[in-house]
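Novice: I'll drop the sequence and a predicted model, then ask my questions.
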Amino acid sequence: MTEEIKGPNLYLAVDNTWARYEVRSISAHGQTILSLHLTLDEAQEQIRYREARGEIVIIYDAETEEPIFAGDKE
């Protein structure tokens, strides 16, 4: 069973569901995972919201262990 949190379609990994895309903040102290998403589109929606607030964020692909740059699509 997948539990959904109210907001931008975030999921808890309480079963076999695996959130592939991480939205991370970037600061002088390193990176912090802010949210997990099952699809790239959901992660990009969260990025747009956070960038509009002036935050420095990236999408990280947990499967390939690489950042996804603006404009990248699968």
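Specialist: Noted; the coordinates are in hand.
Novice: tell me how far the one helix or strand Tyr49 maps to lies from the chain's centre.
Specialist: Per DSSP states H and E, Tyr49 falls inside helix 40-52. Centroid separation between helix 40-52 and its chain, computed with Cα atoms, centre = their mean, to the nearest Å, is 8 Å.
Novice: only C-alpha atoms, please: export that helix in CSV.
Specialist: The C-alpha coordinates for helix 40-52 follow below in CSV (Å, rounded to 0.1, in the frame of the first residue of the first chain):
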residue,chain,number,x,y,z
LEU,A,40,10.3,13.2,-13.4
ASP,A,41,7.3,15.5,-14.1
GLU,A,42,6.3,15.5,-10.4
ALA,A,43,9.9,16.4,-9.4
GLN,A,44,10.0,19.2,-12.0
GLU,A,45,6.8,20.6,-10.7
GLN,A,46,8.4,20.8,-7.2
ILE,A,47,11.5,22.4,-8.6
ARG,A,48,9.5,25.2,-10.3
TYR,A,49,7.7,25.8,-7.0
ARG,A,50,10.9,26.0,-5.0
GLU,A,51,12.8,28.1,-7.6
ALA,A,52,10.0,30.6,-7.5
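Novice: can you point out the buried residues in it?
Specialist: Buried positions in helix 40-52, judged by neighbour count with 16 or more other Cβ atoms under 10 Å: 40, 42-44, 46-47, 50. Quick note: C-beta positions are derived from backbone N, CA and C, even for glycine.
Novice: as JSON lines, those residues with pLDDT and distance to Gly30 would be great.
Specialist: JSON lines is the format used below for these (pLDDT from 0 to 100; distance: Cβ to Cβ, whole Å):
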{"residue": "Leu40", "pLDDT": "92", "distance to Gly30": "23"}
{"residue": "Glu42", "pLDDT": "93", "distance to Gly30": "24"}
{"residue": "Ala43", "pLDDT": "94", "distance to Gly30": "20"}
{"residue": "Gln44", "pLDDT": "94", "distance to Gly30": "23"}
{"residue": "Gln46", "pLDDT": "94", "distance to Gly30": "19"}
{"residue": "Ile47", "pLDDT": "93", "distance to Gly30": "18"}
{"residue": "Arg50", "pLDDT": "93", "distance to Gly30": "17"}
